[in-house]
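Colleague: Need a 3D model of the following:
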Amino acid sequence: MGNIPKKLGEAELEIMQAVWNSEKPVTSNYILRELRGRRQWQLSTLMTSLTRLSDKEFVICDRSTGSNLYTAAVSENEYKAGASRHFLEKLYNNSIQNMIATLYSNKEIKNSDIEELRSFLDQLEAEQ
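Modeller: This is a model prediction of the structure:
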């Protein structure tokens, strides 16, 4: 899924994080336990969201074992890359420089963040 057109809502993203954090396919009860403390959901609410995530092709549901097992159809990195690109396009006219400038001028980014970014970019350049 190279281009990820669909976005996740906040609750859907929390569900996906529970799925992504697991090494193996998960049950709805596992996800419910993972979300405890953040969401006071009934199983029926979660099932509705999982059906929606399946329709959006974010999860695959395996029913062959008798209990539904959910696996991510989109990797966390794939989603983040697509969401980041969408965010940049929408808010910053596709310019990382605009984004950094806005954050810096509003004191959302500290000098230490700039230093960290600079050394990260240097490291990327060195690896090429």
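Colleague: Low-confidence ranges, the chain, go.
Modeller: For the chain, residues meeting the criterion pLDDT under 70 lie at 1-5.
Colleague: quick one, strands of it?
Modeller: Along the chain, counting by DSSP state E, strands occupy 59-62, 69-72.
Colleague: so can I have TSV of these showing distance to residue 15?
Modeller: Heads up, the C-betas are built off the backbone N, CA and C, glycines and all. Formatted as TSV, these follow (distance: least, Cβ to Cβ, whole Å):
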stretch	distance to residue 15
strand 59-62	8
strand 69-72	9
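Colleague: what number of residues lie near the residue lying closest to residue 6 once chain neighbours are set aside?
Modeller: Spatial nearest neighbour of residue 6, chain neighbours left out: residue 56 (4.8 Å); criterion: Cβ to Cβ, 6 or more residues apart in numbering. Residues lying near residue 56 (other Cβ atoms under 10 Å) number 16.
Colleague: isn't residue 56 right next to residue 13, touching?
Modeller: No. With contact defined as Cβ atoms under 8 Å, residue 56 does not reach residue 13; the gap is 12.0 Å.
Colleague: And residue 30, how far from residue 84?
Modeller: Going from residue 30 to residue 84 by Cβ to Cβ, to the nearest Å gives 28 Å.
Colleague: and what of residue 68?
Modeller: From residue 68 across to residue 84, the span is 31 Å (Cβ to Cβ).
Colleague: Residue 30 and residue 84 - which one has more neighbours?
Modeller: Between residue 30 and residue 84, residue 30 has the larger neighbour count (other Cβ under 10 Å), namely 16 against 12.
Colleague: For that one, give me its contacts.
Modeller: 18, 22 (Cβ atoms under 8 Å, 6 or more residues apart in numbering).
Colleague: show me the residues around residue 70 that make contact.
Modeller: Counting by Cβ under 8 Å, 6+ apart, residue 70 makes contact with 19, 25, 26, 27, 28, 31, 50, 59, 60, 61, 62.
Colleague: most tightly surrounded among the strands of the chain?
Modeller: Across those, averaging neighbours per residue (mean count of other Cβ atoms under 10 Å) puts strand 69-72 on top, at a mean of 18.
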